[in-house]
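Chemist: dropping the sequence and predicted coords here.
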Amino acid sequence: METFQLDDIDKKILSLLVKNARIPFLEIARECGVSGAAIHQRVRRMEKNGVILGSRLLVKPQAIGLNVCAFVNIALTESTKYPEVIAQLKKIPEVVECHFVTGKYALLVKLFCIDNDHLMEVLLNTIQKIPSIQSTDTMITLDAPIERQVWVKDFKKTSYSGR
């Protein structure tokens, strides 16, 4: 697989976009000391090479009535059932993230619910009824003092091999 090299300008562009995905390319160009066309080309190249996966609108869950954030550790009866379990979890709108992890559990799922009753309903009547889920362990978030996008390395040379 071909390796994509990030130079200092690419890293500066990424740093600015991570802070504000709506920043105009001309403002990025001024910050980087290059033309707007160069910024446009670099962003498109990073998108093409899988460095930038897109941009998205972030909604504060509590603003739309999703007041409970929970993390659910999931143990599987068989690790070979992973694809089938993931396919079922993708159908649950409350699930916003899923990670295949090391340790006692196979999966770590993040979800948002309206309240604790809603969380209990999702756990008991949806997640725990998925075939091949052996057990769950749920943690409710009390506060999220750090929520941010990835940071961009500031050292001289970074390379990336897309998947």
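Modeler: Yes, it's here.
Chemist: give me phi/psi at Asn20?
Modeler: The phi/psi pair for Asn20 (degrees, to the nearest 10) reads phi -150, psi 100.
Chemist: measure it to Glu147 for me?
Modeler: Asn20 sits at a distance of 15 Å from Glu147 (criterion: Cβ to Cβ, to the nearest Å). Placement of C-beta: from N, CA and C, glycine included.
Chemist: of these two, who's got more company?
Modeler: Asn20 (10 against 7; other Cβ atoms under 10 Å).
Chemist: okay, that one: pLDDT?
Modeler: On the pLDDT scale, Asn20 is placed at 90.
Chemist: what of Leu124?
Modeler: Per the predicted model, pLDDT is 97 at Leu124.
Chemist: check which helix or strand it maps to.
Modeler: Using DSSP states H and E, Leu124 sits within helix 116-125.
Chemist: specify the local secondary structure of the residue most central in space within the chain.
Modeler: Most central in the chain under Cα atoms, centre = their mean is Glu97, positioned 6.7 Å from the mean C-alpha point. Using DSSP: H, G, I helix; E, B strand; the rest coil, the three-state assignment for Glu97 comes out as strand.
Chemist: bridge partners for it, pull those for me.
Modeler: In this entry, Glu97 is beta-bridged to Lys110, by DSSP bridges.
Chemist: surely it meets Leu107?
Modeler: No - look at Glu97 against Leu107 with Cβ atoms under 8 Å: they stay out of range, at 10.3 Å.
Chemist: quick one, domains of the chain?
Modeler: Domain assignment of the chain by automatic domain parsing yields the ranges 4-56, 61-140.
Chemist: quick one: end-to-end length of the shortest one, please.
Modeler: What it means is domain 4-56. In domain 4-56, first residue to last residue: 23 Å (Cα to Cα, to the nearest Å).
Chemist: swap in the last one?
Modeler: With Cα to Cα as the measure, the first residue of domain 61-140 is 14 Å from its last.
Chemist: with adjacent residues omitted, what lies nearest to Pro61?
Modeler: Using Cβ to Cβ, 6 or more residues apart in numbering and skipping the chain neighbours, the partner closest in space to Pro61 is Phe112 (4.7 Å).
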